[in-house]
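S.K.: Turn this into a model:
(3 chains)
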Amino acid sequence: MLSECMEKNLATKIKIKNEDVYELLQKIPPGNVSTYGDLARVLGNPSASRLIGKILGENPNPIRVPCHRVVMSNGKLGGYRYGANKKKELLEKEGLSFINGVVSDFKKIRIYPEQRQS
DNA sequence: GCCATGGCTAGTA
DNA sequence: GCCATGGCTAGTA
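M.R.: Just a heads-up that it's a prediction; the model follows:
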C-alpha cells in the first residue's frame, strides 16, 4: 500500500527558505519592482506572502539583495527594515515616483521574476 | 506541541 | 487567514 505518508509528501507545499528569496530578489533590476505575493507564488507557496516579508526583514545584505524593490500587491510601499522613508528614497533614486503612497505606473514596472532552473 | 511573530493578501461589506 | 521559525511550557519517561 502506497503509504499515506508518501501521498502527503507529494501533496506537500514547497518550503520557502531565506536564500531562495534572496536569490530571486537579485533578478529584479533597478526601476522595476515585484510584490511579496508574487515572490511567494514563484517559490511555490502562493499563500506565504507574509513570510516573504519576514524573510526580507532578515536580509543580511541589502547591497547584494535589493529588498527595497518589493512592494505590496496594491502598489503601496510596504515595510522596510530601515524605515519606509528610506525605501522610498531608494526607489525614487531608481526613477520611480509615488502618488498617494502608491507607485506610479505600478502595472508597467511590476515584474514577475522567474526562478532559476536546476 | 502551542503560541506569538512578522516589511502581507484576497475577498467580503 | 497564512507560512516558517524560535522560545517555552506541560507532561511523559
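S.K.: so does stretch A:95-109 get close to DNA strand B?
M.R.: No: on the criterion CB under 7 Å from any atom of the strand, stretch A:95-109 is out of touch with DNA strand B, staying 11.7 Å away. Glycine gets a C-beta too; all of them are placed from N, C-alpha and C.
S.K.: Please disregard the earlier target; I meant stretch A:23-38.
M.R.: Yes: counting by CB under 7 Å from any atom of the strand, contacts between stretch A:23-38 and DNA strand B involve A:35-37.
S.K.: Closest to A:E92 out of those residues?
M.R.: A:T35 (18.6 Å; CB to CB).
S.K.: Wait, the closest one touches A:V71, no?
M.R.: Yes: look at A:T35 against A:V71 with CB atoms under 8 Å: they come within range, at 6.0 Å.
S.K.: where does chain A have low pLDDT?
M.R.: Where chain A drops to pLDDT under 70, the residues are A:1-12, A:117-118.
S.K.: Fine by me, we can end here.
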